[in-house]
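# predicted structure and sequence below. I'll ask about it afterward.
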Amino acid sequence: MLRITENSENCTAVRLRLDGNISVESYADLKEVFQRYDTVPGRTIILDMGGVDFISDEPARQLAKLRGENLRIINCSPFIETLLETLDSRGIGH
């Protein structure tokens, strides 16, 4: 189960606080919320993953692919950060 809390940081950024596990099923919910904010030009989306205990491989690949100028991922556990960096450095995310 994944809980997503949406908070506007300012007029150009929104923070999505994630709590729980990111599975293939729960990633669909996250993607839906992400796409709602991603349609605004110049908006930065901040994924605060401080409450994420586990992430499946496929959602990790998708997040590594989306990570960039308009998507910042913060407060990951060291394991999740390493996983995202590994996927990104392999070019799997590109």
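Happy to help now that I have it.

# alpha carbons only for contacts and neighbour counts from here, please
Will do.

# thinking Ile46 is in contact with Glu69, fair?
No - if you go by C-alpha atoms under 8 Å, Ile46 and Glu69 don't touch, sitting 10.4 Å apart.

# show me what the residue nearest to the spatial centre of the chain is bridged to.
Nearest to the geometric centre of the chain sits Leu47, at 4.6 Å (C-alpha atoms, centre = their mean). Beta bridges link Leu47 to Leu16, Ile73, judged by DSSP bridges.

# measure it to Leu63 for me?
The spacing between Leu47 and Leu63, counted by C-alpha to C-alpha, to the nearest Å, is 10 Å.

# Lys31 now?
10 Å.

# which of these two has more neighbours?
Leu63 (20 against 14; other C-alpha atoms under 10 Å).

# what about the more buried one, which helix or strand?
For Leu63, the element it lies in under DSSP states H and E is helix 57-66.

# C-alpha coordinates for that helix, PDB please?
What follows is helix 57-66, C-alpha atoms only, in PDB (Å, rounded to 0.1, in the frame of the first residue of the first chain):
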ATOM      1  CA  ASP A  57      12.200  -3.200  -9.800                       C
ATOM      2  CA  GLU A  58       9.800  -2.000 -12.500                       C
ATOM      3  CA  PRO A  59       8.700   1.100 -10.600                       C
ATOM      4  CA  ALA A  60      12.400   1.800  -9.800                       C
ATOM      5  CA  ARG A  61      13.200   1.700 -13.500                       C
ATOM      6  CA  GLN A  62      10.300   4.000 -14.300                       C
ATOM      7  CA  LEU A  63      11.400   6.500 -11.700                       C
ATOM      8  CA  ALA A  64      15.000   6.400 -12.800                       C
ATOM      9  CA  LYS A  65      13.800   7.200 -16.400                       C
ATOM     10  CA  LEU A  66      11.600  10.100 -15.200                       C
END
